[in-house]
Structures are given as C-alpha cells and as structure tokens.
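A.B. asks: curious how this folds, go ahead:
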Amino acid sequence: MPQLTLQADPNSKSLALSPQKSTSRASSSNTRAIHTSPRGGGGDIAKRKAAYTKKGDEPNLWELHHIQEDMAAINKKKHFKDGPDAKGESKGQPDRGTKREHSPEGGGVAGARETKRHKNAYEIKGKVATYEDAARTDEDPPLDQLTRLLENGQEDVPKGDCVVYWMRMEDMRIEDNTAFHRASERAQEFGVPLVVLFVLSPGDYKIHDRSTKRIDFMLRNLRYLKPRLHELDIPLHIVSYDRRLSIPKRLVNDVFPSLGAKHLFANIEYEVDELRRDIAVVKLGREKGMDVRCLHDRLIVPPGRIKSQAGKPMSVFSPWQRAWAKLLAAEPKLLNLSPSPKANLESVKKDERFAKLFDDEIPDSVEGFECAERKQIAEIFPEGTETAKELLRRFLHTKPRKTQFQIVSPLSEGAQESKKESRVSQYQTGRNLVDGDNSSRLSPYLASGVISGRMVLDEAKKYTGGKLESGRDTGVGMWVQEVSWRDFYNHVMSTWPRVSMGRPFLEKFADVQWEVNEEHLQAWKDGKTGYPIVDAAMRACKARGWMENRVRMVSASFLVKSLMLDWRLGEKYFMESFIDGDLAANNGGWQWTASTGTDPQPYFRIFNTLTQSEKCDPNGDYIRYWVPELKNLKGKAVHDPYHQMPSSEFKKLGYPAPIVDHKKSRERALFRYKNVGEKEDGS
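C.D. replies: Next up, the predicted model:
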C-alpha cells in the first residue's frame, strides 16, 4: 500500500487524503504539501501533524476529519468565482478548488459517444450536475434561500375563504403534523374551512426515480386518510400535473383562486428541486397577495441546529449524533407532538365551492407507475398510521419471529409478548441479522410520513420510563441512534445540497474510474451474481420493495467495490425499487458504501461477501428462501456453493457461478481509489 499523505488544493486550502505522488505528478494535479500558516490557528494544526498517520501507513481518520474542519474554519476566502455566501465563507467543497483536470461530471459518468452502446449503464448521465453548478448551489443552499424568504414574511393578508394545508408524499398523516396543525389553527382563528390539497405529479415521480411500490403506497395511504378527514368535515382535494415545473404557477394562478385561499401551510421537503419549487410558490403567492408558510416537520431536529464547537456544520455522524442527543436532552420540546387538527363546521359540506371537493377521487394508480405486485405489497406493508403504531408496539414488546422475513403480513398472528426478549431489547445483535423480523420495519412509514419520528421516539421514551436513551449500550439506545441517521442525512443534504444533485460529498473521488458492464449490472439487479447473499437480497428487493439494512450494505458494496460499477447506478435502482425510497437516506447509504460520503472511513472499506453472509444469515434460511436453487443445500455450502461443491454437482443447481473473483476485484477497487482517474492498464 503506497504512503498516504495529506494534501491540499492551493485554491481552496482544503485537505484531501490521497496517495503520495512524485513531484512532477503532484504539480500536474494542482496539489501541494500543507504548509501551516502563522495566522488563524495554523500552529495548532502543525502540532497535530503527527496524527496524519499511525504506525505504518494507516491514517488516523478521526483526527484527520477534525483537521479538515479546523482548516475550513480558518479559511475565510471564497472558493469559487460566483461569490461567497452571506457570511463570507464557502460551504461544502472540501476537496477541490476551481481548477479541474478531469470531466466535470466525474469519471464514472459516460460521455455521449458511449451512450448508445451502454444505454442502461449511462442512464444516470443527465442526472449528475456539473461540479461548477453543484458548487454554486452549495454556496447558497436552497434551504437557506427559503429560510431568508420566509423570515421576510408578508403581513396583513386577508383571511380569504379557506385555509389550505398542502400535504406532501412525505407527511401523510393527521396526527403530529406541524403544518396541518398550524393550518387548522389559522382556519379556526379566521372562522373559515380548512382544505387539504394533494398534488399528483407523474413527471416529478419519473425524474426523481420513484418506485411503483412507493407510489402505490402513497395512493393507499390517501385512501386511508380520506374517510378520516371526512369525519372531520375536511375535504381532500386532489389535483394532478404531469409537468412538475408548472406546479407553482398552476397552484397559485388556478387552484388557490378557485378556492378563494389566501393562506397556505406546508411542511418543508429538503431536496433541492422541492425547495426550489417552494421558493417559487412563496414568491408567486406573495405577488398574488397570499401568505405562504413552510414549516419544519420531517425531522426531529431541524437542519442548522447542530454545529461544531467552531460553529460549523458537522459532517461526521458520531460527534453529530452525540450533539443531537444532547440537544434533545436540553430542549425536550423538540419531541413534543403537535395537536391534531380540529374539525371544520359541518356546514362546509353544503357550501357549493367546497362540497364538491369531498367527491374528488383517488386514482387506483398513476400512469407509468402501475404496481404489478400491489396485492402482495399491500399484505407486506399495509397502509395507515394505525398500522405503523402497531408495528412499533410489536417491535418494542414482542419477540422476533424467524418466518417474518418471508412474504407475509407483519401483523400476522402469533407474535409473543415479552419486553425482556423483545425485538428492540435484542436490537444490538438483531439489527445485523436478516433471518427474521429483527428490525422495526417502519422505514416505509417514516419515509412517507405515515408516522413521525417524534411519535416513534415518544414511544421509545415510554419504553424506558420517560428518558430517551441514545447510545450503544442498550438495544433501544442503539435503535434510537439508527433513527437519528434519518435526521443526519437530511442535515447533510440541506447543508451540502450537491449530494442530491448526483455529486459525491468528497469531490476528490468524483473521477474514480468505473467499469461499464451491462451484463454485470443486470446480473446484480436480477440477483444472479453467483454470490448467494447478494442474490437473495436483490431478489427480496424486487419482490418486497424492501431490504434489511445489513444486506443493503452488502449488496451495495458488491456493486461498487466488487463489480466497480458507479454507485449512482445503484442509488437510482434502489430508489426505483424500494417502497421506502428516500433521497437523503438512500444517497447517504450509497455514498457511505462507495467511500465518497461523510464517513471518515476511506476507500479500503470493502465488505467480504462470504463473511458477511455467514454473520447475517448464520443458518442460511434467508438465502434458501429467496434463492430456491439453493434450498436443499446444507451447512456452509449455501453461502458459497461454487467453491464448496464439486463442479459437477454445482452445475446441477442451475445457479450461476460467481461473475467476479473477490480477491481480484478487491485489488482493482483499491487501485482505482488510490489512483483516482486511473485504471490498472494506465488508461
């Protein structure tokens, strides 16, 4: 392994971990060794240079991250030509300055000349922003723009004929819904009806890689909500616009005037496109004399609340999570649940303008997003907040069951009550097992906002007697930490929005050279790689639209590190497949696996597929169920049949041989990450 040295870009003064190169190579790549400055704390960094490496060549990555943060705090100069942010500091591009030698799209994204020959592999090409465009977005993140806009609010807006709450596909519940509650308060104050608006947008779903299962889940939850809203005399108004960019104008110019609405409430979504949409709605609404309120609700702790001691956003999970837990202890009101909205007057159903809204139909499907497995998925993931509450109750109070990883209802009879041996009490080990219902299975409900993170943690507090545990010492504490990852990745996306634009968090890895292999990509998607645990996970993905977290990491690592295929291909496929598809969590997980993300562990994190298989599915039950070709194999052969069985017997299985050699693929990955922009043959 070559010597790893700490280098910096002379334009940005940010640090990058890269292999030591010769003097000529270093100068050509626009890097130089760090020289400490006598101003702004450089002396402290000099004292810590011993932390760059331990004995041998293994870097002290934890210390390295803090050095990076120190350097970012020292640097007050702008990184890019388009201007600094409001505080005069550039945000979020820790590893590059303005000059680049490689393609601004990153080496893994194909050029036009290869598009026709490798259509599937290059389907991400148009989804990856240029480095420069992403950098400009990072300079003034859309959430900051929206926040400034809302702080300079419009005053003295007349009450209008109704108040509108715009429900999004990520806050599909009545209980503990911030914007819904605030809209209800305003409607009660004005003495006007409250209307719930839901916008269907096939164009939006397509561009954002929504899965058919996710859209079907959305429609099922709308059908669940409609009669419950009806009981409150609140109409659910459904509109549909295929062209997603037209939504702000269509709402402000058509929908709101037709309702006589002057006040709109919505919960904030933190993705770039959604934030830009809301900015447009606020601006256009104000031009029409409307008051538009966008509120934090999705997360337990809103973005921007957690900072390092230097006052900077934090990008490493462990210290961030400790600060998150400390903040919740200091401000318990962050966990308070919002009151449910109050009912409209029954007379609303006699008002000509609003009565017809109660007849709005929820379609069985959205064109282009018909779910072929809808009956099966509805059994595995039933809709509704009451379902989510019962799933949570069972996780906290019942034992794990071995057969629950199969295609079966999570609410099936037979769960045994036991707090001492409950799933959450065993979560420290259970979270890494796939042969049962060891996890909560709540991710689809959290991703769609069918249940809120606050509701989940409120039950966790009750479980522990009123105090929120958040640590690795107990099962419930470990699970709370897992819940906090959702906040973390949304904070990252809000602060460094380039990650939702197809860019790596660590730009120094933008030009890792990816393979282009249609057969390998398809074999991975189909669960026919010859690696049983990967194939079992991918087949489960196709059948259920969901995977246990451990095999998400294993299958993702296999795509990126073993097959050396662009992580963005996997990110896109998971979003297109999962019922719990969430951009922030999905992107964060893939970048963690690809070693391009916020985690300080670098590129030499490469999962050993066989070892992972034996640990997460020790008896092979998961593999035998999802890969029926192997259902009759005994012992360890089920984890590695190609090497454990005679060749003649293996051929009878009808199961593919491994499509890649683990040792050789590991060496390839290490080379390409160490030598960014290069392949082994020098190309």
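A.B. asks: can you name the element that comes right after the helix or strand where residue 163 lies?
C.D. replies: Assigned by DSSP states H and E, residue 163 belongs to strand 162-167. Reading on from strand 162-167 to the C-terminus, the next helix or strand found by DSSP H and E is helix 178-190.
A.B. asks: quick revisit: contacts for the strand holding residue 163 next, please.
C.D. replies: Strand 162-167 is contacted by residues 179-180, 183-184, 186-187, 190, 192-199, 256, 259-261, 263-266, 341, 354 when judged by Cβ atoms under 8 Å, 6 or more residues apart in numbering. Every residue, glycine included, has its C-beta placed from N, CA and C.
A.B. asks: show me which of these are buried.
C.D. replies: 179-180, 183-184, 186-187, 190, 192-199, 256, 259, 261, 263-266, 341, 354 (16 or more other Cβ atoms under 10 Å).
A.B. asks: now do the strands in the stretch 151-300 of the chain.
C.D. replies: 162-167, 194-200, 236-240, 261-267, 291-295 (DSSP state E, counting those that start in this stretch).
A.B. asks: next, the angle helix 178-190 makes with the last one.
C.D. replies: So that's strand 291-295. Computed with axes from the mean of the first three to the mean of the last three Cα atoms, to 10 degrees, the direction of strand 291-295 lies at 140 degrees from that of helix 178-190.
A.B. asks: with the third one instead?
C.D. replies: Between strand 236-240 and helix 178-190, the angle comes out at 120 degrees (the same axes, to 10 degrees).
A.B. asks: if we look at strand 236-240, which residues are touching it?
C.D. replies: Contacts of strand 236-240 (Cβ under 8 Å, 6+ apart): 195-202, 222, 225-226, 229, 250-251, 255, 259, 357-358, 360-362.
A.B. asks: that one pairs with which strands?
C.D. replies: Each strand paired with strand 236-240, and its direction, by DSSP bridges: strand 194-200 (parallel).
A.B. asks: same question, the first one
C.D. replies: Each strand that pairs with strand 162-167, with its direction, by DSSP bridges: strand 194-200 (parallel), strand 261-267 (parallel).
A.B. asks: before we move on, what about the last one?
C.D. replies: Strand partners for strand 291-295, identified by DSSP bridges, are recorded as strand 261-267 (parallel).
A.B. asks: which non-adjacent residue is nearest residue 669?
C.D. replies: Excluding its sequence neighbours, the residue lying closest to residue 669 (Cβ to Cβ, 6 or more residues apart in numbering) is residue 561, at 4.5 Å.
A.B. asks: list the contacts of that neighbour.
C.D. replies: Per Cβ under 8 Å, 6+ apart, neighbours of residue 561: 593, 606-607, 665-666, 669.
A.B. asks: mind putting the strands of the stretch 151-300 of the chain into CSV with mean pLDDT and distance to residue 419?
C.D. replies: As requested, the strands of the stretch 151-300 of the chain are exported to CSV (pLDDT from 0 to 100; distance: least, Cβ to Cβ, whole Å):
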stretch, mean pLDDT, distance to residue 419
strand 162-167, 98, 35
strand 194-200, 98, 38
strand 236-240, 98, 39
strand 261-267, 98, 34
strand 291-295, 97, 36
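A.B. asks: now tabulate those strands in a markdown table and tack on distance to residue 585.
C.D. replies: Shown next, in a markdown table, are these (distance: least, Cβ to Cβ, whole Å):
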| stretch | distance to residue 585 |
| --- | --- |
| strand 162-167 | 21 |
| strand 194-200 | 23 |
| strand 236-240 | 27 |
| strand 261-267 | 17 |
| strand 291-295 | 21 |
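A.B. asks: give me the neighbour count for residue 472.
C.D. replies: Neighbourhood size, residue 472 [other Cβ atoms under 10 Å]: 9.
A.B. asks: assumed it was part of a helix.
C.D. replies: No: counting by DSSP: H, G, I helix; E, B strand; the rest coil, one finds residue 472 to be coil, located in no helix.
A.B. asks: ok so, going back, sort out for me which of the contacts of strand 236-240 are in helices.
C.D. replies: 202, 222, 225-226, 229, 250, 259 (DSSP state H).
A.B. asks: neighbours around residue 547, how many?
C.D. replies: 23.
A.B. asks: what does residue 322 give?
C.D. replies: Neighbour tally, residue 322, other Cβ under 10 Å: 15.
A.B. asks: could you say which helix or strand holds it?
C.D. replies: Per DSSP H and E: helix 317-330 holds residue 322.
A.B. asks: which parts of the helix or strand just after that helix are buried?
C.D. replies: Where DSSP H and E defines the elements, the next helix or strand beyond helix 317-330 is helix 352-355. For helix 352-355, the neighbour count (16+ other Cβ under 10 Å) marks residue 354 as buried.
A.B. asks: what sits against residue 221?
C.D. replies: 172, 383-384, 448, 450.
A.B. asks: top of the residues you listed by number of neighbours, please.
C.D. replies: Top of the contacts of residue 221 by neighbour count (other Cβ under 10 Å): residue 450, with 29 neighbours.
A.B. asks: surely that one is in a helix?
C.D. replies: No: under three-state DSSP, residue 450 sits outside any helix and is assigned coil.
A.B. asks: how near is it to residue 177?
C.D. replies: 11 Å (Cβ to Cβ, to the nearest Å).
A.B. asks: also residue 412?
C.D. replies: 30 Å.
A.B. asks: more neighbours: which of the two?
C.D. replies: residue 177 (26 against 11).
A.B. asks: how far off centre is the host helix or strand of residue 525?
C.D. replies: For residue 525, the host element (DSSP H and E) is helix 518-526. Centroid separation between helix 518-526 and its chain, computed with Cα atoms, centre = their mean, to the nearest Å, is 23 Å.
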